[in-house]
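A.B. asks: sequence? don't have it. structure:
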């Protein structure tokens, strides 16, 4: 495990101090020994004093090194705490920005979807179907019946349900093939009123029934539902 740079610096400083003190003491002892081959009591006392001084220096260096290490570690911890607080603040800021962006995107998406539904409502939801011929001798009582349903938003207000019917092989424009609710024409009839289903998943259906009892021609029917949305 690697030591922190602060601890290494303290160890190096303490080692340098001890080395310098030891060398000074050794030099002094060598000088004394050179001058006094037979150490006297005063020389021994001086040596002991120098040894005590060395021990004091060693202790002071150790205490100083430890204090320096602690001081450096405290500084590092303080700096790390500041950096951590700054990082947390940046993360929180990014989170707020992301939330605001998501809300903005959600609002824009809702506006786009609302605009699309409004345009569809103005143009009208178109539903078509082809009804086959009825058997020979068919009457309205046993006529072929179909129900055409247009899906619209559940909060939409129905403005118009336009009804059209023409022979399946006819190229006549739809504008000239319009029916009124309940009107009978060419052995065919739309119901007098349309029905609506209960809203489900934000949508509901507007349905129109159609009956056909002609044995001569199949028919194509068309229902256009126009609606508006609240502002």
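C.D. replies: Looks like it arrived, so ask away. The shown structure was predicted, so the numbers you read here are calculated from the model rather than taken from an experiment. Numbers count the residues shown, from 1 in each chain.
A.B. asks: Tell me which residues are up against stretch 173-185.
C.D. replies: Identification of contacts with stretch 173-185 by Cβ atoms under 8 Å, 6 or more residues apart in numbering yields 161-166, 170, 188-194, 222. In short, each C-beta sits where N, CA and C put it, glycine included.
A.B. asks: Just the endpoints, please. Distance across it?
C.D. replies: With Cα to Cα, to the nearest Å as the measure, stretch 173-185 spans 16 Å from end to end.
A.B. asks: buried stuff in it?
C.D. replies: Residues of stretch 173-185 classed as buried: 177, 179 (neighbour count, 16 or more other Cβ atoms under 10 Å).
A.B. asks: ok, now stretch 224-231?
C.D. replies: So, applying 16+ other Cβ under 10 Å, buried residues of stretch 224-231: 224, 225, 226, 227, 229.
A.B. asks: Also stretch 137-156?
C.D. replies: 138, 143, 144, 148, 149, 150, 152, 153, 156.
A.B. asks: which one among these gets closest to residue 116?
C.D. replies: Among the buried residues of stretch 137-156, residue 153 lies closest to residue 116 (Cβ to Cβ), at 10.6 Å.
A.B. asks: how about the nearest residue to that closest one, chain neighbours excluded?
C.D. replies: residue 117 (5.6 Å; Cβ to Cβ, 6 or more residues apart in numbering).
A.B. asks: Toward the C-terminus, what is the element adjacent to the helix or strand containing that neighbour?
C.D. replies: Residue 117 is part of helix 41-123 when elements are defined by DSSP states H and E. Sequence-wise, the next helix or strand beyond helix 41-123 is strand 125-131, with elements assigned using DSSP H and E.
A.B. asks: Now do the next helix or strand after that following strand against strand 125-131, angle only.
C.D. replies: Using DSSP H and E, the helix or strand that follows strand 125-131 in sequence is strand 144-153. Strand 144-153 runs at 170 degrees relative to strand 125-131, counting by axes from the mean of the first three to the mean of the last three Cα atoms, to 10 degrees.
A.B. asks: and the angle for the helix or strand just after strand 144-153 with strand 125-131?
C.D. replies: Downstream of strand 144-153, the first helix or strand assigned by DSSP H and E is strand 157-167. Calculated by the same axes, to 10 degrees, strand 157-167 forms an angle of 30 degrees with strand 125-131.
A.B. asks: neighbours around the residue nearest to residue 153, how many?
C.D. replies: By the criterion of other Cβ atoms under 10 Å, residue 117 has 16 neighbours.
A.B. asks: still on that earlier bit, pick out the most distant pair among the buried residues of stretch 137-156.
C.D. replies: 138 and 153 (38.7 Å).
A.B. asks: Over to the spatially closest residue to residue 161 that is not a sequence neighbour: give its phi and psi.
C.D. replies: Closest residue in space to residue 161, ignoring its immediate chain neighbours: residue 194 at 4.9 Å, by Cβ to Cβ, 6+ apart. Per-residue torsions, residue 194: phi -90, psi 160 (degrees, to the nearest 10).
A.B. asks: do the same with residue 154
C.D. replies: Per degrees, to the nearest 10, the backbone of residue 154 is at phi -70, psi -20.
A.B. asks: any idea how far it is from residue 114?
C.D. replies: 14 Å (Cβ to Cβ, to the nearest Å).
A.B. asks: Pull up the overlap in contacts between these two.
C.D. replies: Contacts common to residue 154 and residue 114, judged by Cβ under 8 Å, 6+ apart, are absent.
A.B. asks: show me where pLDDT drops low in this protein?
C.D. replies: Low-confidence segments of the chain (pLDDT under 70): 1-76, 97-98, 100-107.
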